[in-house]
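# I would like to see how this sequence folds:
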Amino acid sequence: MYDIKLVNGDIQQRNEEVRDLELILQKIEIRLKTWMGEWILDRQVGMQYERLFMQKPPRLSEFTSLVRAEIEGVEGVTAVIITESVFETDAQRIRISGRVQADDQEAAIVARVGTDLYSFEFLGV
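The predicted model follows:
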């Protein structure tokens with residue numbers, strides 16, 4: 001499967017195609033960055049970050065389960081292993097680390113979302 005390569009939300013090069021694990025990581029990033037109700041064609045698509053941060057401190061188990069389910073829903077993902085889920089009190093954000101497997105490939109991932117509901121980082125390594 002092929003797709004356009006995005007770097008920081010910008011199209012990289014017209015003739016450069018994304019394949020295999022790189023494509024899957026790009027799809028994961030897009031899914032985790034999409035907020036519930038944001039996509040005009042389907043308001044049911046997206047993450048419910050507001051609901052998760054209404055409780056203080058946020059429930060890590062619920063957040064981890066939601067992120068895992070969203071990643072598992074990406075076509076091509078065969079396994080998601082969450083190795084760490086931490087609420088960073090000083091930064092007021094949740095950090096989830098783990099690995100994603102797709103066929104015979106594997107990549108480390110780190111996702112961070114802040115309680116200010118505007119900061120989100122996804123690092124596919």
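# mind checking which helix or strand of this structure has the lowest mean pLDDT?
Least confident helix or strand of the chain, by mean pLDDT, DSSP states H and E, is strand 17-18 with a mean of 54.
# and the next helix or strand after it, which residues are buried?
Using DSSP states H and E, the helix or strand that follows strand 17-18 in sequence is helix 20-33. Burial within helix 20-33, assessed by neighbour count using 16 or more other CB atoms under 10 Å, is assigned to 21, 23-29, 31-33. Every residue, glycine included, has its C-beta placed from N, CA and C.
# ok, of those residues, which one's closest to residue 43?
Residue 43 lies nearest to residue 31 out of the buried residues of helix 20-33, by CB to CB, at 15.4 Å.
# name the nearest residue to the closest one, ignoring sequence neighbours.
Excluding its sequence neighbours, the residue lying closest to residue 31 (CB to CB, 6 or more residues apart in numbering) is residue 70, at 5.3 Å.
# what is the burial count for that neighbour?
A count of nearby residues for residue 70, using other CB atoms under 10 Å, gives 17.
# spell out which helix or strand contains it, please.
helix 60-72.
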